[in-house]
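> please work out how this folds:
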Amino acid sequence: QVQLVESGGGMVQAGGSLRLACAASGLTFSSYTMGWFRQAPGKEREFVAAVRWSGISTYYADSVKGRFSISRDNAKKMVYLQANSLKPEDTAVYYCAATAVPMPIATTPDRYPYWGQGTQVTVSS
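Numbering: from 1, shown residues only. All right, here's what the predicted structure looks like:
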């Protein structure tokens, strides 16, 4: 049974930083592309970042490029999202997701069959 468990969310002031983590189990982690999505109240779930199995290829939404960084540790079965220079518009529930489809890189929720429960990030102005 695949499980993804996020942690690291919280409340920060604008300009602050958070490091989100996602612990994976029940899958051959090193074979999966891992993604981060977010969903704000009343909005659709949107792509934030993804990293392919090797950790070398990373992809970002334009809205977070230059501020967020995704990474993974295959030995620990962990994926991370370092979020810097946070803005109030980054406020959302952040979800970790996994897909076995390597290419093309998956940036829509429907391409990820496995999801975590989410962690809340709140950025105050």
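> the helix or strand containing Trp36 - contacts with which helices or strands?
Element membership for Trp36, per DSSP states H and E: strand 33-39. Counting contacts by 3 or more C-beta pairs under 8 Å, 6 or more residues apart in numbering; DSSP states H and E, strand 33-39 packs against strand 18-25, strand 46-51, strand 68-73, strand 78-83, strand 92-99. All C-beta spots, glycine's among them, are computed from the backbone N, C-alpha and C.
> in TSV, list these along with mean pLDDT, distance to Thr33 and mean neighbour count.
Formatted as TSV, the helices and strands packed on strand 33-39 follow (pLDDT from 0 to 100; distance: least, C-beta to C-beta, whole Å; neighbours: other C-beta atoms under 10 Å):
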stretch	mean pLDDT	distance to Thr33	mean neighbour count
strand 18-25	98	12	19
strand 46-51	98	6	22
strand 68-73	98	10	19
strand 78-83	98	10	23
strand 92-99	98	5	22
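> okay, those in TSV with distance to Tyr114 next?
As requested, the helices and strands packed on strand 33-39 are exported to TSV (distance: least, C-beta to C-beta, whole Å):
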stretch	distance to Tyr114
strand 18-25	8
strand 46-51	13
strand 68-73	15
strand 78-83	12
strand 92-99	4
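> so which of those strands gets nearest Asp62?
strand 46-51 (10.2 Å; C-beta to C-beta).
> average pLDDT for stretch 101-114?
Across stretch 101-114, pLDDT averages out at 89.
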